[in-house]
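J.: Here is my input, please return the structure:
(one chain, ligands or ions: 1)
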Amino acid sequence: MTRYGKIDDLNFFEDSNKDNEMDNIKDYIEEHIMGRDRETFFKRYNAAHRRCPECGSTHNTQTLVAKVLDLENKDSYRDTNNAICVDCGWNGIVHDLTNE
Ligand SMILES: [Zn+2]
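T.: Predicted coordinates for the structure are as follows:
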């Protein structure tokens, strides 16, 4: 009975090693493949949505709630965090900020 117990324990450790390998692969893909994609997207998005549509100022305060990005459908992304222009008081959402 004790031997079966030990065999079960070994199987348990083998299984958990496999899980760790899968987790490592998943982490690698998320960081090096999806992560790069996300980073590039947000660089472009933030550059396109940084100026007040009323006065063109880049001085604004924003709430920082994380929004879900669907990598298969990036154009649908809308940052609905609240944005307030420090210079003219415009009040809207980050998505309505412009790049001009
Ligand atoms: Zn403004």
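J.: Can you say which helix or strand has the spatially closest residue to Ser57 that is not a sequence neighbour in it?
T.: Leaving aside its chain neighbours, Ser57 sits nearest to Asp87 (4.1 Å; criterion: CB to CB, 6 or more residues apart in numbering). In this view, the C-beta of every residue, glycine as well, is placed from N, C-alpha and C. Per DSSP states H and E: Asp87 is located in neither a helix nor a strand.
J.: Break down this structure into its helices, ranges please.
T.: When assigned using DSSP state H, the helices of the chain occupy the ranges 2-29, 35-48.
J.: ok, of the ones you listed, where does mean pLDDT dip lowest?
T.: Lowest mean pLDDT within the helices of the chain: helix 2-29, at a mean of 60.
J.: Give me the contact status of stretch 53-64 with the ion.
T.: Yes: remark: stretch 53-64 sits within contact range of the ion at 54-55, 57, by CB under 5 Å from the ion.
J.: Asp79 contacts Ile93, doesn't it?
T.: Yes: between Asp79 and Ile93 there is a contact under CB atoms under 8 Å: 7.0 Å.
J.: if we can go back for a sec, how close does the residue nearest to Ser57 get to Leu64?
T.: Relative to Leu64, Asp87 is positioned 20 Å away (CB to CB, to the nearest Å).
J.: Between those two, which is the more surrounded one?
T.: A count of neighbours by other CB atoms under 10 Å puts Asp87 above the other of Asp87 and Leu64, at 13 against 7.
J.: ok, the more buried one to Cys55 distance?
T.: Distance, Asp87 to Cys55, by CB to CB: 6 Å.
J.: All set, thanks.
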